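**Student:** the sequence and its predicted three-dimensional model are supplied below.
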Amino acid sequence: MSRYLQHTIAVAAVVVCSAGGGLSAAVQDPAAALQQHAAAGERALAEGRYVDAEKEYEELRRLSPTTAEVHARLGLIYFQEGKFDAAVPTLREAIRLKQGLPKVDALLAMSLSETGHYEEALPGVTKAFSQSGDPVLRRMAGLHLQRIYTGLGRDQDAVDVALKLSRLYPDDPEVLYHSGRLLANLAYLQTMHLADVAPDSVWLHLAAGEANESQGLYDAALREYRQVLASAPRRPGIRFRIGRTLLQRANNGGSSDDPSEARQAFEEELTLDPSNANAAYELAEIHRKAGELEPARKLFEQALSHYPAFEHAQIGLARTLIALAAPADAIPHLKAAIEHHPENEVAYYQMAQAFKALGNAPEQEKALAQFTRIRDAAAQRRAAVPPTKQDVTPQTVDIKSPK
């Protein structure tokens, strides 16, 4: 039993002894009874048997109603059971009896949050999130604070908390779920407001086009994007979106699109905005796949001149250089792609191809080993998680076998 609980039992025993003149012989050893209930309650709590823990601590509270630590522990048990209406008065009593009990203020604030008393909960939850050194408590408080701000209609504060939680706990599934849900809901509400205030604006057509594109509704997306183009023919980026949607529609079997239409869209985009690295990259890929290597090389270089950290463009340029019998020139671009994304299987595969062309078998085998390791791990991830939407056509390995 912890020293904290030993102290709790000692205090409670004194209280019971001082008030126990009329106790029967069966309970004439109050300290032993308190020890028994506390030990049983802690054992049940450790094993997740909250109903049993609740019974033991409720008996402890009956035997020692003025012991703050008993109320605090019982409040924790109620909280774990989701009995927040019972937790609130119990935790309040613990604080009334003894100020400064560890984490009790935060637990009370989160219980108030669970019962919808957001204004009252806000100070305690804010303090726990901003000052707690316990990462578990801080995470829990952050999730409550995000919900409190949402409930109070303070959307910007809720978003700020969501972004901070995502930085603090970048791989936490619950944090990712709640922050994603909040941001998606906010985006939806903003779009609905946009529809109210500007129902025929280019912005609403653009938003509708992006929403349709993300859902694979390519024909609907193209209709919206072309509405934007008709209303704002000099708008940067819209021809790129049209070209990308045409490519996606063709790649997903929805049409036998001639790539010349997408090519024209990217060319027009670059005429309007030569700094659009995405458009230069997509047009370069069309040329590369058609075997038009020199135009592809120039366009990949154009993309990288405006966006040096463009991983897919580095790989595309390297593939083009290998095809142009310049494998040594390809290697620095592949290394740059790997530095940006160390788990890029395509970069390692192309690195193996470059070393093969150079006759460097040891380096080729090293690159192939990395490629195989990353490919196998990526296959497991893809089986568990759907692929994310890409802004450009990603580089892929053209053949199944690396050898």
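**Tutor:** Ah, there it is.
**Student:** so where is the protein shaky, pLDDT-wise?
**Tutor:** 1-30, 254-258, 382-389, 399-403 (pLDDT under 70).
**Student:** can you pull the domain assignment for it?
**Tutor:** Following the assignment in automatic domain parsing, the chain carries domains at 1-20+28-102, 198-273, 288-403.
**Student:** the nearest residue to residue 241 once chain neighbours are set aside: neighbouring residues, count only.
**Tutor:** Computed as CB to CB, 6 or more residues apart in numbering, the closest residue to residue 241 that is not its neighbour in sequence is residue 225, at 5.2 Å. (Each C-beta comes from the backbone N, C-alpha and C, glycine too.) Per other CB atoms under 10 Å, the neighbour tally for residue 225 reads 28.
**Student:** do the one 10 residues further on as well
**Tutor:** Summarising burial for residue 235: neighbours were counted as other CB under 10 Å, giving 15.
**Student:** so it makes contact with residue 201?
**Tutor:** No. Residue 235 is beyond contact range of residue 201, at 12.0 Å (criterion: CB atoms under 8 Å).
**Student:** where's the residue nearest to residue 241 relative to residue 247, distance?
**Tutor:** In this view, residue 225 and residue 247 are 13 Å apart by CB to CB, to the nearest Å.
**Student:** next one: phi and psi at residue 216?
**Tutor:** phi 80, psi 10 (degrees, to the nearest 10).
**Student:** name the nearest residue to it, ignoring sequence neighbours.
**Tutor:** residue 252 (6.6 Å).
**Student:** same check, this time on residue 85
**Tutor:** Nearest residue to residue 85 in three dimensions, chain neighbours excluded: residue 115, at 6.1 Å (CB to CB, 6+ apart).
**Student:** ok, now residue 267?
**Tutor:** Residue 267's closest residue in space is residue 283 (CB to CB, 6+ apart), at 6.5 Å.
**Student:** so that neighbour is in which element?
**Tutor:** helix 277-289 (DSSP states H and E).
**Student:** ok, now residue 107?
**Tutor:** Secondary structure assigned from DSSP H and E places residue 107 in helix 104-114.
**Student:** may I have that helix exported as PDB, CA atoms only?
**Tutor:** C-alpha atoms of helix 104-114 as PDB (Å, rounded to 0.1, in the frame of the first residue of the first chain):
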ATOM      1  CA  VAL A 104      -8.200  16.900  -7.900                       C
ATOM      2  CA  ASP A 105      -8.900  20.400  -9.300                       C
ATOM      3  CA  ALA A 106      -8.200  19.200 -12.800                       C
ATOM      4  CA  LEU A 107     -10.500  16.100 -12.300                       C
ATOM      5  CA  LEU A 108     -13.300  18.300 -11.000                       C
ATOM      6  CA  ALA A 109     -12.900  20.600 -14.000                       C
ATOM      7  CA  MET A 110     -13.100  17.700 -16.500                       C
ATOM      8  CA  SER A 111     -16.100  16.300 -14.700                       C
ATOM      9  CA  LEU A 112     -17.800  19.700 -15.000                       C
ATOM     10  CA  SER A 113     -16.900  19.600 -18.700                       C
ATOM     11  CA  GLU A 114     -18.500  16.200 -19.100                       C
END
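**Student:** make 58 the first number, not 1, from now on.
**Tutor:** All right, first residue 58 from here; so that's helix 161-171.
**Student:** helices and strands around that helix, which ones?
**Tutor:** helix 125-138, helix 141-154, helix 175-188, helix 192-208 (3 or more CB pairs under 8 Å, 6 or more residues apart in numbering; DSSP states H and E).
**Student:** hey, which of the ones you listed is tucked in deepest?
**Tutor:** Highest mean neighbour count of these: helix 125-138, a mean of 23 (counted as mean count of other CB atoms under 10 Å).
**Student:** what sits up against that helix?
**Tutor:** 61-62, 64-65, 68-69, 98, 102, 107-108, 110-111, 114-115, 117-118, 121, 141, 143-144, 147-148, 150-152, 154-155, 158, 161, 164-165, 167-168 (CB atoms under 8 Å, 6 or more residues apart in numbering).
**Student:** filter those down to the buried ones, ChimeraX style.
**Tutor:** ChimeraX command restricting the contacts of helix 125-138 to the buried ones, with burial defined by 16 or more other CB atoms under 10 Å:
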select :62,65,68,69,98,102,107,110,111,114,115,117,118,121,141,143,144,147,148,150,151,152,154,155,158,161,164,165,167,168
